[in-house]
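*Asks:* how does the following fold in three dimensions:
(chains A and B)
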Amino acid sequence: MNLTLFIPELTLTVFAILVILLDLFVRQKRVLAQVSISGLVIAGVITIAMWGNSFPAIFNNMLAVDNFALFFKLIFLAVAFLVILASVDYTSRFARFQGEYYALVLLSTLGMMLMAGAADLITLYISLELTSISLYALVGFLKDGKSTEASLKYLLLGAISSAVLLYGMALIFGFTGKTQLGEIAMVIQTMPAQTLLASPALILGMVLLIAGFGFKIAAVPFQMWVPDVYEGAPTPITAYLSVASKAAGFAIILRVFFSAFGQPEWLSLNWGMIFAVLAAIGMTLGNIMAIPQTNIKRLLGYSSIAQAGYLLIGLAAMGFSAGADTAGRSGILFFLASYVFTNMGVFIAIIAISTKLNSDQIEDYAGMGKRTPLVALALTLGLISLIGMPPAAGFMAKFYIFSAAVQHNLLWLVIIAVINSVISAYYYLRVVKVMWLGKPASEEKISQSGTLKLALVLASLGILLLGILPGYVMRLAEFAANMRLY
Amino acid sequence: MIPYQFIWLIFLLPFFSFLIIAFFIRPFVKQESRIAGYTLIAALSISLALSVWTLASVMTAPNHELPVPVINWVVIEGGVTLHLGLLVDALTAVMLVVVTFVSLMIQIYSQGYMRGDPGYHRYYAWMSLFTMSMLGLIVAGNLVFMFVFWELVGLCSYLLIGFWFHKPSAANAAKKAFIVTRVGDFGFLVGILILYMNTGTFDIAELHELAITGVLAGSVLTWGAIGIFAGAVGKSAQFPLHTWLPDAMEGPTPVSALIHSATMVSAGVFLVARMFPLFENSPAALTTVAVIGGVTAIFAASMGLVANDIKRVLAYSTISQLGYMMLGLGTGGVAIGIFHLFNHAFFKALLFLGAGSVNHATGTFDMRLMGGLRRMMPWTYATFVIASLSIAGIWPLSGFWSKDEIVISALAQPVLFVLAMITVFMTAFYMFRAVFMTFGGEYRGGGPEAHDSHPHESPNVMVVPMVALAVLAVFSGLWNVTGHFGALLGHGETHGFFAGLFHPFTQVLPWLSLILAGLGILLAYAIYDKKWVSAERLGRLFRPLYSLFLHKYWLDELYENVIVKTVLLRGLFGSFERFDSRGVDGVVNGVASSAIYGGRALRRMQTGQLQLYGLFMGIGILAIIFAIFFFG
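*Replies:* Take a look at the predicted model:
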């Protein structure tokens, strides 16, 4: 066993415990944020140092340490970094448990990192629960009516989805007798086609896995929790959920479906079609429901359902390519990287504005262009990126994923997606219009703390960088998309 | 031969100007300083010089094309490859000269027009970006790169039309322009993807090659071309996506001048010309272009007959003239369509600058409040009349030459030809209606914000660009009298200057269109100058037509009330909303206080909201399983 490959995860564990312990002694709660951030940075640096190598899986092939996993780990670490930066001021409104807040963020990040590497159904389930349980607690952190309600709903629905997922895993295990993804693939591929076609257990298990994972990535029809939870949760946690949790969900879907169910071809085409239909429904429903929203967090909840729909196009392309090329996979990876910066930028700007206004209503954003121009500009950039307009990252991301789909004869899906981007411009621009053209409620300027500004600038730079010079990250995504099969 | 680095500079210079204005001048320099304007003017002057050099080089280059090395933007082995390539041929070079020249004139004029406006710096920042985007679109050598600039042009126009955002009408017009053109952009993107799916390339020159050699053919080519044309319909305000352009008048007048002449609307025509080999090899797509163009030309002209706002008259005339260009492209080819674009850019920019000048003096755009400005504003009057004669197609002004070519080529499609001839008459009528209402008769007092009861000519900084444009409105058409313009863009023979100059008088068609235009002018003279016939009586006589034109064929109402409000918002979105029970709550109780929320939260739990969510998940799973076993 090679524990050195596990150092990033161990680092994060140590720092999570350290934060809880320090919380007992330290008065200045800012220190906790600093400690958490240094933990993330150290884990990040080690992860980067591991990049590019071809490591064997560890713990009896239960945990992969390939570049695919490393790419996602870096995404999670970057998101957690930005979330903590954005939380420093926000947490001051919690009377107690600030230490636990940071520790839980670190622990759920740890869970996600394990999810990215999970190469066995057992590790997969455990890491998913580690992530989810931390998140259930984090969603309820505000302890007011809405937040508690959101947390309870998330917990109950999450439990249902876990049950569904476990049932699916049980079916797969019953069918193949294996839990390791590579071994499952081997069993499936050696089975005669008639046996496969005659037994619905495999397909049924696959559908239940899709349902369980679909909950994490907010794919329709497993998205019902999203608007309520997004609205109720503390805003930094909403941001965290919308980006990291979704990315983690995609990481496991990619790995499971590519490694375990990538062959034979008809199977791959089958789930590709499921994802294609889910994508079409998801983006259409998300975009249409977003239109009447008056609360910006709910609006972004629906927007995130729609964005999950765009991402599912990549999964559909992956299914249709039947492992022939990496365009679908790397498209998802690039989309997620750009989505990290975009959505984090948007949410950090919302934290900056909403905390001062104490309101999440879109109409209260009127005149922000005058009152806090930098934040309004960053929010505008983020929204433009969500629409998918150049020169923001969102354009390149959509372009990449759409062209992958077009290459595999999914033009109908891309046409639906493009219509959806037109619809989405309507509600995203409404926020922009209110901010720049609306009459401000007061002339008073809104000032922002340094950490928030730093987080905002980092996210905006990311959006522009990925939009204007996408080549570098695309190459990384392309490289990482070559998953190792175990 | 111009070094290729300089061609890059043509569109990078306005971008630098944008950066300088946005990051150095706007934060640090006083409002009164006019340095922002000079920055852009300097950048554009150099761009113009470089554009002329490019044109000169293209004229002497083999095949009229300059090789420019490509820069790799995104290269992924086995995956997507995108080059930052430039495509510099005669079409590019002509467009570069037109855009840089017209934009330069408008920026000089704006130094007078925008003086003292609180958004002065912002204005020049957006103008820089706008010009940069248009120039980028022109030189782009691949469709994705082009689409990026295409969208940027749309974004800048949004910012500029909504420039005076404190006016709600301006903000709404900006949004309308943005959304309506995006409907067309959707088609453009789908067109690009169809082509990419079947050829695996975004490169324009390669696509040309594939279309010409017949590799790209059949329904793929037709749908790809029609998709691209949809983008052009949106940007060039062709029927049925023309509704945004008349409202786009809400921006500052120089912005309208730029949008209507060299940038934005001409982008659509340029796009069709740029992709012309694809259209040429798909008869269905080419016919679509011609029909949409011909219909738009007469349709917009009819609405121009009754508008009372001088800028709206000009807006309808733009739509109508763009229709002519599409008709020219669809029936005659690149040279004919683009030649009209070339001439139109000058006289249309001039007309708008004239309208701005009149507004500067009278404080209104309503022609019913003007009148008698002939003596008070002689320069504006003279240049406006020249431009009007030119757009009406009077020999030997520039408009005559290009319109003549379009009408002749339209002969191939008799119905479209008749429409085009009627449009000739209408154009002359509404333009001179505007001339007589604005400049003829007695002064009727101007708008409520008129500076004084006796309007004055605008300052020199505004008059000089108008005169420069007027010179071109007279002479730009002479370029093709010898056939050289056509030859440069690919077809037509060249002949002697004087032979060409008087050639139209030996033909029937030019006579016919000249007579029709003359009749139009005469009728406008009789009604609006001499008042031999009362305009009201005519309006009553043709009541149904009059109100049809005045209400713009009720298309705005159709789009907004019927399609958007009733079908989409109430019908489709409404039913989705009811489906999402929380959504209804959210709307009904839009701003419920949190106390109520707490109570409602409990209640909602008990009424089974959560169970409902669980139920939906279950139904979803069953639906997928069902679908797989029945369709899979």
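
*Asks:* and residue A:53, that one's in a helix?
*Replies:* No - in this structure, residue A:53 is coil, not part of a helix, as judged by DSSP: H, G, I helix; E, B strand; the rest coil.

*Asks:* residues in contact with residue A:101?
*Replies:* A:87, A:91, A:94, A:138, A:141 (C-beta atoms under 8 Å, 6 or more residues apart in numbering or on different chains). Every residue, glycine included, has its C-beta placed from N, CA and C.

*Asks:* got a markdown table for those, with secondary structure and neighbour count too?
*Replies:* Listed next are those as a markdown table, based on DSSP: H, G, I helix; E, B strand; the rest coil; neighbours: other C-beta atoms under 10 Å in any protein chain shown:
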| residue | secondary structure | neighbour count |
| --- | --- | --- |
| A:87 | helix | 27 |
| A:91 | helix | 21 |
| A:94 | coil | 16 |
| A:138 | helix | 25 |
| A:141 | helix | 23 |
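
*Asks:* so which of those comes closest to chain B?
*Replies:* Comparing the contacts of residue A:101 against chain B with C-beta to the nearest C-beta places residue A:141 closest, at 16.3 Å.

*Asks:* where's residue A:48 relative to chain B, distance?
*Replies:* 21 Å (C-beta to the nearest C-beta, to the nearest Å).

*Asks:* residues near residue B:515, how many?
*Replies:* 12 (other C-beta atoms under 10 Å in any protein chain shown).

*Asks:* check the one 3 residues further on too.
*Replies:* Using other C-beta under 10 Å, residue B:518 is surrounded by 14 other residues.

*Asks:* so which bits of the helix or strand hosting it are buried?
*Replies:* Using DSSP states H and E, residue B:518 sits in helix B:508-524. Buried positions in helix B:508-524, judged by neighbour count with 16 or more other C-beta atoms under 10 Å in any protein chain shown: B:510, B:513-514, B:516-517, B:520-521, B:523-524.

*Asks:* what about chain A: which of the residues you listed touch it?
*Replies:* Residues of these in contact with chain A (C-beta under 8 Å from any C-beta of the partner chain): none.

*Asks:* now render those residues as TSV, adding pLDDT.
*Replies:* Below are the buried residues of helix B:508-524 laid out as TSV (pLDDT from 0 to 100):
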residue	pLDDT
B:510	81
B:513	83
B:514	82
B:516	82
B:517	81
B:520	82
B:521	82
B:523	80
B:524	78
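
*Asks:* what residue in the stretch 251-400 of chain B comes nearest to chain A?
*Replies:* residue B:251 (13.7 Å).

*Asks:* please report how far that residue lies from residue B:443.
*Replies:* Residue B:251 is 27 Å from residue B:443, where distance means C-beta to C-beta, to the nearest Å.

*Asks:* what about these two, which has more around it?
*Replies:* Shown here are residue B:251 and residue B:443; by other C-beta under 10 Å, residue B:251 has more neighbours (26 against 18).

*Asks:* now do the contacts for the residue in the stretch 201-350 of chain A positioned nearest to chain B.
*Replies:* For the stretch 201-350 of chain A and chain B, the shortest gap (C-beta to the nearest C-beta) falls at residue A:221, measuring 3.0 Å. By C-beta under 8 Å, 6+ apart, the contact set of residue A:221 is A:214, A:281, B:616-617, B:619-620, B:623.

*Asks:* again, only this time at 6 Å
*Replies:* Neighbouring residues of residue A:221 by C-beta atoms under 6 Å, 6 or more residues apart in numbering or on different chains: B:616, B:620.

*Asks:* just say helix, strand or coil for it.
*Replies:* Per three-state DSSP, residue A:221 ends up coil.

*Asks:* quick check: residues of the stretch 351-500 of chain B near chain A?
*Replies:* Residues of the stretch 351-500 of chain B found near chain A (C-beta under 6 Å from any C-beta of the partner chain): none.

*Asks:* give me the low-pLDDT residue ranges for the chain?
*Replies:* The chain I'm using is chain A. Residues of chain A meeting the criterion pLDDT under 70: A:1, A:95, A:323-324, A:484-486.

*Asks:* chain B was what I was after
*Replies:* B:74-80, B:165-166, B:446-454, B:491-493, B:535, B:538-539, B:546, B:551-609, B:631-632.
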